[in-house]
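Engineer: Model the following, please.
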Amino acid sequence: MKITLKPTTEKDYNFLYCLLEQRPKEENISHRKMPTYKEHCDFNASNPYVLDKIIYENGEKIGRFYLTEKKEIGIHLLPGVSLEAVKLILDDLDGQHFLNVSPNNKQMQKLLKKLGYEVIQYTYEKNLSA
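Structural biologist: Now for the predicted structure:
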């Protein structure tokens, strides 16, 4: 498996929107409602991340990797892609960083624990619209 990372460009917005549409519900932590394509493009055009890369496996786009100013990492893969790609990316990172993971994403939690990551917080939300 050959994993490479390339900078995200405007040409990737359609792929990123498809990636967002296909994201399993249990992985969502930053939104409840699917944004419109225009909202999605506007968000990406605002350059919200310090580092924003498209993940390629053997030359094919399989996901996105980003890093925020708070050293938070986001990794999102197409459905069915092996979490081995996540392991390879995380193994190459230096310094302190954080990953926010949905409490329902047991697969990612298991991988992170195996890689030596520790749970440091639980975040609670009260849904006032329910």
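Engineer: Run through the bridge partners of the residue sitting nearest the centre point of the chain.
Structural biologist: Computing the C-alpha centroid of the chain and ranking residues by C-alpha atoms, centre = their mean puts I75 first, at 2.7 Å. Beta-bridge partners for I75, by DSSP bridges, are F65.
Engineer: Flag every buried residue along the helix or strand of the chain with the lowest mean pLDDT.
Structural biologist: Least confident element among the helices and strands of the chain, by mean pLDDT, DSSP states H and E: helix 84-91 (a mean of 86). Using 16 or more other C-beta atoms under 10 Å as the test for burial, helix 84-91 gives A85, V86, I89, L90. In short, each C-beta sits where N, CA and C put it, glycine included.
Engineer: of all those, which two lie farthest apart?
Structural biologist: Across these, no pair lies farther apart than A85 and L90, at 9.7 Å, counting by C-beta to C-beta.
Engineer: Which parts of the chain are strands?
Structural biologist: Using DSSP state E, the strands of the chain run over 3-7, 51-57, 60-67, 72-77, 98-99.
Engineer: low-scoring pLDDT stretches of this structure, where are they?
Structural biologist: 26-31, 129-130 (pLDDT under 70).
Engineer: I figured C41 was touching Y13, is that so?
Structural biologist: Yes. Between C41 and Y13 there is a contact under C-beta atoms under 8 Å: 5.2 Å.
Engineer: export the least confident helix or strand of the chain as PDB, just CAs?
Structural biologist: This file holds the C-alpha atoms of helix 84-91, laid out as PDB (Å, rounded to 0.1, in the frame of the first residue of the first chain):
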ATOM      1  CA  GLU A  84      -4.300   1.000   7.700                       C
ATOM      2  CA  ALA A  85      -4.000   4.400   5.800                       C
ATOM      3  CA  VAL A  86      -4.800   6.200   9.100                       C
ATOM      4  CA  LYS A  87      -2.000   4.200  10.800                       C
ATOM      5  CA  LEU A  88       0.500   5.100   8.200                       C
ATOM      6  CA  ILE A  89      -0.300   8.800   8.300                       C
ATOM      7  CA  LEU A  90      -0.300   9.000  12.100                       C
ATOM      8  CA  ASP A  91       3.000   7.100  12.300                       C
END
